[in-house]
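1. below are the sequence and a predicted model for it; my questions follow.
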Amino acid sequence: HFQVLKQLGEGSYGRVMLAVHRKRGTPMALKFFPRESTSLLSFLREYNLSLSFCTHPSLTRALGIAYATPSHYIFAQQASLFGDLYDVITPEVGMEEGSCQRVVSQLCGALSHLHSLGFVHRDVKPENVFLCDSACRWVKLGD
């Protein structure tokens with residue numbers, strides 16, 4: 001059902017791949033969790049948390065697609081087609097103040113929402129702040 005295009009990232013849990021739905025052409029990020037190191041319960045917990053957070057506009061949205069292969073548990077989230085905040089921060093320079101204020105405001109909203117639900121993100125970093133446009137006007141916090 002999906003064509004995997006490239007790897008977007010890798011973490012302690014597994015990896016994230018950019019894919020498109022073969023019939024609809026919808027881009028998505030597929031999160032792969034190795035079955036050898038991930039229990040079904042852990043995967044379902046992660047998936048359900050992702051689904052419950054998608055009510056805030058500055059958090060990545062789960063797409064309601066989850067499945068298993070013999071080697072991995074997988075679920076789909078919104079894809080970030082414009083990279084992440086790490087890509088736009090110039091070393092030794094930073095970023096333009098107005099852009100920085102917009103990003104921080106959106107991140108504060110996302111974190112406030114998570115905290116109101118009783119959750120802590122625990123991995124806020126530029127690589128987990130995804131750009132929704134090329135001008136860095138709209139961002140989403142993910143993992």
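-> Looks like it came in fine. Residues are numbered from 1 along each chain as shown.

2. domains in this protein, by residue range?
-> Recorded structural domains for the chain (assignment: automatic domain parsing) are 2-77, 85-141.

3. okay, those domains in CSV with mean pLDDT and mean neighbour count next?
-> No exception for glycine: its C-beta is placed from N, CA and C like everyone else's. As requested, these are arranged in CSV below (pLDDT from 0 to 100; neighbours: other C-beta atoms under 10 Å):
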stretch, mean pLDDT, mean neighbour count
domain 2-77, 93, 16
domain 85-141, 94, 14
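
4. can you report phi and psi for residue 105?
-> For residue 105, the backbone dihedrals (degrees, to the nearest 10) come out as phi -60, psi -40.

5. gap between it and residue 14?
-> Between residue 105 and residue 14 the distance is 31 Å, computed by C-beta to C-beta, to the nearest Å.

6. same question for residue 48.
-> The value you get for residue 48 to residue 14, if C-beta to C-beta is used, is 17 Å.

7. having no further points to raise, I will conclude here.
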